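Asker: okay, predicted coordinates and the sequence, questions at the end:
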Amino acid sequence: MTYQVEVENGISWGSLTPWTAASFSDAVDEIIAAPRGWTDSAEHPITDPAEDMTDASWSFQRVSSGTPSVKIRLATPDTTDRLCGSAGMDTEGIYSCRYGDKLIINLRRWLFGAVGFTNMTVYRNMVINHEMGHFLGFDHMLCPGNGKPAPVMQQQTIALNGCVANPYPFSTSDEFIVGPWAPS
């Protein structure tokens, strides 16, 4: 999979340290290349009949030109609402989304995180991995049980439901973390 990374032009940063295209790209590159991220599927392919996947695995390469498989954009809440809304999703000024070949990452949450996440790195890893999971074909999952790591496809920013916040698709023992599928 090839990907491009973008930062919305014209963001008013005020006293905040701006995220440039280069700094956002660096963060996304680190998240995508993380040992427990989606690239772990190369060593531990995913089979999930519910998602019509057999030995699915992915590798990623950032490109600066051409037509990528997916674009990852850091966008203001208004832009996120507009773009995600065009695909029928209500992001309420706070949520991120995936529509088509675009992952729209809400700037508000990228800067300030979400309830249940005390570490910004954990939140940022989770949101990129969650939205990338949608692009790869995964639906939402539910918490598999109190105290267990949340599947990265759980809507962790809405409710952890007894699970522990988790930013990665794979466990420390290289197992794909799953829970029951959420009703659509």
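Answerer: Received, thanks.
Asker: and what about the spatially most central residue of the chain, helix, strand or coil?
Answerer: The C-alpha lying nearest the average C-alpha coordinate of the chain belongs to Ile128 (Cα atoms, centre = their mean; 2.6 Å). What DSSP: H, G, I helix; E, B strand; the rest coil gives for Ile128 is helix.
Asker: tell me how far it lies from Ile32.
Answerer: Look at Ile128 and Ile32: by Cβ to Cβ, to the nearest Å, they are 7 Å apart. In this view, the C-beta of every residue, glycine as well, is placed from N, C-alpha and C.
Asker: repeat that for Val63.
Answerer: From Val63 to Ile32 the distance is 13 Å (Cβ to Cβ).
Asker: which of the helices and strands in the protein ranks last by mean pLDDT?
Answerer: Least confident helix or strand of the chain, by mean pLDDT, DSSP states H and E, is strand 46-48 with a mean of 86.
Asker: give me the distance from it to the chain's centre.
Answerer: In terms of Cα atoms, centre = their mean, to the nearest Å, the centre of strand 46-48 is set 19 Å apart from its chain centre.
Asker: what helices or strands is that strand leaning on?
Answerer: If contacts are counted by 3 or more Cβ pairs under 8 Å, 6 or more residues apart in numbering; DSSP states H and E, strand 46-48 sits against strand 53-56.
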